[in-house]
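1. all I have is the shape, not the residue letters:
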């Protein structure tokens, strides 16, 4: 696999994102004064309590939601083409009527499809014997691997991930996180990874942004200066976590408080 | 050894009993029962004019097949069924998608839709013949107009139930519009389209016969009208039988395999 030429940085400047609400749901402000930059190639984790507008932010970055006061600017060195953005959703969102192979190939442009890029990625993720299987035949972990292959197949300049590994067994989740880092190192790209699990964020990220309760804004910006490769079960991660909570406990209470259901390691 | 034979006989009987309760056996039983009831009922009609026996009908069928051009009239009717069916499906699916996906279109077209949904088939047929003349086009349009509203109901329901999250995947990955429609959107409608098609074939061939009876000079409907005037009930039943056979071939030979193909992934 060749390193990607086009990577993109990200500048988020959202003054306000409101949902008008309909008859059943009241209007509410999801995001207010949310500003941060993600430099090219950084693995940035967004951590916050559920319902704090993390998914909303990713939808805006992905271009799915444009009704916002503010902007999410994706900028790359190459100005010719709009940088490619990949999005791995909370559920795998595979097309059940297509084989595993077609689920990846369908998002590729014809030349990329012809060079067998999708199949190579799937084989790298140990799905080589499932190429013609339908997603309904796969386990939850396998489906997420297909979704991950799809996300990397288009060689994204920016990769958005929305709690992609929740509700998985710890070993399966650990394996997927390992695969994600492996792909990210082989195919460098800027990553925005949403999670509510502090251990997962420490294991994966170069940096963690802590978001407040809604309307959300950044309450703390922590660099994770642990060397890679990291071990999800090593005490280093817990030490880092404890240090972070000791220094900023009050500030992070809202953001990191919901990590009791952590998937990567027990506190 | 004697005990073994008894055992074997008992198990053979058991197998037979079990097979007799199986679906294939039940179908055959049901068919034989129909023939039996029919044969007994013919006893009430010694003339054989009002309700001819099954073998008389079969004999008549053979005669019409060889001497009276049954295949010609059958194929004319089949062509009308096919033309009206495809016309109704294409227009009905297009309108259903439009009304399911666009609220404004739904509001504008809903009144018309209800009007056509409740218009009696006969009224549409008469109006088509009066306005467009006793022509082939008028006949097919009249049949299609009867079916389109039903297709719209089903497909609109399907369009409203489409999973937007999968369409978002296509948007994020910048899949072109054509591929999005054909590979992300349309497959979600297949079960609804299949349901509309199933009901469509059954409804359409019934209406085609009426259209032929009222304004065509060939086809199964026209022949039935002729036999009615001649009081040739054996021929009426022979034509009915031949058409039912054709429609069963369509169901098991075309619709069922098509549906299996569309739902293979489940």
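-> All right, it came through fine. Please read these numbers as outputs of a predicted model, since none were measured by experiment.
2. contacts for whichever strand or helix holds residue B:245 next, please.
-> Secondary structure assignment for residue B:245, by DSSP states H and E: helix B:233-250. Outside helix B:233-250, the residues that touch it by CB atoms under 8 Å, 6 or more residues apart in numbering or on different chains are B:49-52, B:56-61, B:64-65, B:70, B:73-74, B:77-78, B:201-202, B:205, B:220, B:223-224, B:227-228. C-beta here means a position set from N, CA and C on the backbone, and glycine is covered the same way.
3. pLDDT at the residue nearest to residue A:154 when sequence neighbours are not counted, what is it?
-> Distances taken as CB to CB, 6 or more residues apart in numbering or on different chains place residue A:84 nearest to residue A:154, at 5.2 Å, with adjacent residues excluded. The pLDDT attached to residue A:84 in the predicted structure is 89.
4. next one: residue A:167
-> pLDDT recorded at residue A:167 is 85.
5. number of nearby residues for residue A:100?
-> 28 (other CB atoms under 10 Å in any protein chain shown).
6. what do you get for residue B:62?
-> 12.
7. now for the nearest residue to residue B:121 once chain neighbours are set aside: which residues touch it?
-> Distance criterion CB to CB, 6+ apart; nearest residue to residue B:121, sequence neighbours excluded, is residue B:146 at 4.8 Å. Each residue near residue B:146 by CB under 8 Å, 6+ apart is listed here: B:121, B:124, B:203, B:204, B:207.
8. ok, the closest residue to residue A:10 other than its chain neighbours to chain B distance?
-> Of all residues not flanking residue A:10 in the chain, residue A:38 sits nearest, at 4.1 Å (CB to CB, 6+ apart). Remark: distance between residue A:38 and chain B (CB to the nearest CB, to the nearest Å) = 18 Å.
9. ok, residue A:38 - contacts?
-> Per CB under 8 Å, 6+ apart, neighbours of residue A:38: A:9, A:10, A:11, A:12, A:44, A:190, A:192.
10. related to what we said a few turns ago, got the phi and psi for the residue nearest to residue A:154?
-> phi -70, psi 130 (degrees, to the nearest 10).
11. ok, the residue of chain B found nearest chain A - contacts?
-> Proximity to chain A, evaluated over chain B using CB to the nearest CB, is greatest for residue B:173 at 3.8 Å. Contact analysis of residue B:173 by CB under 8 Å, 6+ apart lists A:86, A:87, A:107, A:150, A:154.
12. isn't the second one up against residue A:57?
-> Which is residue A:87. No: if you go by CB atoms under 8 Å, residue A:87 and residue A:57 don't touch, sitting 11.9 Å apart.
13. and chain B, what are its domains?
-> Domain ranges of chain B: B:2-44, B:62-262, per automatic domain parsing.
14. mind putting those domains in CSV, mean pLDDT included?
-> Shown next, in CSV, are these (pLDDT from 0 to 100):
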stretch, mean pLDDT
domain B:2-44, 81
domain B:62-262, 93
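15. okay, those domains, which one's buried deepest?
-> Each of the domains of chain B was scored by mean neighbour count; the highest is domain B:62-262, a mean of 17, by mean count of other CB atoms under 10 Å in any protein chain shown.
16. what's the nearest residue to the residue in the stretch 1-150 of chain A that chain B sits nearest to if we skip its chain neighbours?
-> The nearest approach of the stretch 1-150 of chain A to chain B comes at residue A:107, 3.8 Å away (CB to the nearest CB). Nearest residue to residue A:107, sequence neighbours excluded (CB to CB, 6+ apart): residue B:173, at 3.8 Å.
17. same deal with residue B:215?
-> residue B:134 (4.4 Å).
18. ok, that neighbour to residue B:83 distance?
-> Distance, residue B:134 to residue B:83, using CB to CB, to the nearest Å: 17 Å.
19. looking at this, residue A:44 is in a strand?
-> Yes: counting by DSSP: H, G, I helix; E, B strand; the rest coil, residue A:44 is part of a strand.
20. let me see the contact set for it.
-> With CB under 8 Å, 6+ apart, residue A:44 has these contacts: A:38, A:190, A:191, A:192, A:193, A:205, A:206, A:207, A:208, A:209.
21. and the lengthiest helix in chain B, what does it pack against?
-> If you go by DSSP state H, chain B has its longest helix at helix B:70-101. With contacts taken as 3 or more CB pairs under 8 Å, 6 or more residues apart in numbering or on different chains; DSSP states H and E, helix B:70-101 sits against helix B:54-67, helix B:103-118, helix B:136-160, helix B:186-215, helix B:220-230, helix B:233-250.
22. now with 7 Å, please.
-> For helix B:70-101, the packing partners by 3 or more CB pairs under 7 Å, 6 or more residues apart in numbering or on different chains; DSSP states H and E come out as helix B:103-118, helix B:136-160, helix B:186-215, helix B:220-230, helix B:233-250.
23. among these, which is nearest residue A:221?
-> helix B:186-215 (42.1 Å; CB to CB).
24. could you list every helix and strand that the closest one packs against?
-> helix B:70-101, helix B:121-132, helix B:136-160, helix B:220-230, helix B:233-250, helix B:256-262.
25. any idea how far it is from the chain center?
-> 6 Å (CA atoms, centre = their mean, to the nearest Å).
26. equivalent analysis for stretch A:13-33, please.
-> 23 Å.
27. residue ranges in the stretch 1-150 of chain A under the pLDDT threshold?
-> A:1-6, A:78-80 (pLDDT under 70).
28. so which bits of it are right by chain B?
-> Within the stretch 1-150 of chain A, the residues that sit near chain B (CB under 7 Å from any CB of the partner chain) are A:62, A:64, A:85, A:87, A:93, A:95, A:96, A:97, A:106, A:107, A:134, A:136.
29. figure out the helix or strand that the fifth one lives in.
-> Applying DSSP H and E as the criterion places residue A:93 outside every helix and strand.
30. quick one, what contacts it?
-> Residue A:93 makes contact with A:147, B:165, B:166, B:169, according to CB atoms under 7 Å, 6 or more residues apart in numbering or on different chains.
31. now name the helix or strand holding the last one.
-> Assignment of secondary structure by DSSP H and E places residue B:169 within helix B:164-172.
32. C-terminal to that helix, what's the next element?
-> Once the chain leaves helix B:164-172, the next helix or strand it forms, by DSSP H and E, is helix B:177-179.
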